[in-house]
Structures are given as structure tokens and as C-alpha cells.
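Novice: take this sequence and fold it.
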Amino acid sequence: MFSLKDYFNALSGRARTQFAKRAGVPLPTIQRHYIYRTRIPRLDRMRAMADAAGVPATEMAEFFLQPRNN
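Specialist: Purely as a prediction, here's the structure:
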């Protein structure tokens with residue numbers, strides 16, 4: 001299963017910035033809220049992040065909708 005947290009943490013600093021730009025999401029929002037799943041993004045943002053990561057939107061949705069256990 002896709003993990004935005006694992007994907008994002010594997011990126012270099014520059015690659016993280018480029019990912020955020022491709023997704024159209026502010027980098028601090030990804031770092032503070034989305035990789036830790038403290039907030040669920042709107043559907044359009046979820047799709048944009050999935051496109052930027054090169055994964056199906058369903059996998060990105062599963063990441064956000066799975067129970068938090070961390």
C-alpha cells in the first residue's frame with residue numbers, strides 16, 4: 001500500500017519542493033498535516049498529490065482513510 005509519509009521522507013529537499021509545486025499544495029501543509037494524516041485533503045488535492053507522486057488516486061485515498069495508529 002502507498003504511504004505518502006514514506007514517499008515524502010524518501011525525497012531530497014529539492015524533490016520535496018518540486019513535489020509540492022507539482023501537486024499545487026504548500027510544502028508546509030504537506031509537512032505538518034498530510035504526511036501525518038492530521039487532516040484529510042480535499043478530493044482535488046488528493047488527486048493532484050497522487051498525480052505528482054505517480055500513483056493512482058485510489059491509493060492516495062486509502063492512505064488518508066486508513067486508521068491512524070502512530
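
Novice: which other residues reach stretch 35-48?
Specialist: 4-5, 8-9, 22-25, 32-34, 49, 57, 60-61, 63-65, 68, 70 (CB atoms under 8 Å, 6 or more residues apart in numbering). Where C-beta positions appear, they are placed from N, C-alpha and C, glycine not excepted.

Novice: how far does that stretch sit from the chain's center?
Specialist: 7 Å (CA atoms, centre = their mean, to the nearest Å).

Novice: right, and the secondary structure at Pro67 would be what?
Specialist: Three-state assignment for Pro67 (DSSP: H, G, I helix; E, B strand; the rest coil): coil.

Novice: can you report phi and psi for it?
Specialist: phi -60, psi 140 (degrees, to the nearest 10).

Novice: how far away is it from Arg37?
Specialist: 10 Å (CB to CB, to the nearest Å).

Novice: also Leu27?
Specialist: Relative to Arg37, and taking CB to CB, Leu27 is found at 17 Å.

Novice: and what of Pro26?
Specialist: Per CB to CB, Pro26 is found 17 Å from Arg37.

Novice: of the two, which one has the most company?
Specialist: Between Pro26 and Arg37, Arg37 has the larger neighbour count (other CB atoms under 10 Å), namely 17 against 12.

Novice: tell me the secondary structure for the more buried one?
Specialist: Arg37 - assigned by three-state DSSP - is coil.

Novice: tell me the pLDDT of it.
Specialist: Predicted confidence (pLDDT) at Arg37: the value is 93.

Novice: and Met60, how close does it get to Ser3?
Specialist: From Met60 to Ser3 the distance is 10 Å (CB to CB).

Novice: neighbour count winner among these two?
Specialist: Met60 (24 against 14).

Novice: excluding chain neighbours, what is closest to that one?
Specialist: Setting aside the residues directly before and after it, Met60 is nearest to Ala50 in space (CB to CB, 6 or more residues apart in numbering), at 3.9 Å.

Novice: then Glu59?
Specialist: Phe2 (4.0 Å).

Novice: so who does that neighbour touch?
Specialist: Here Phe2 is in contact with 53, 55, 59-60, 62-63 (CB under 8 Å, 6+ apart).
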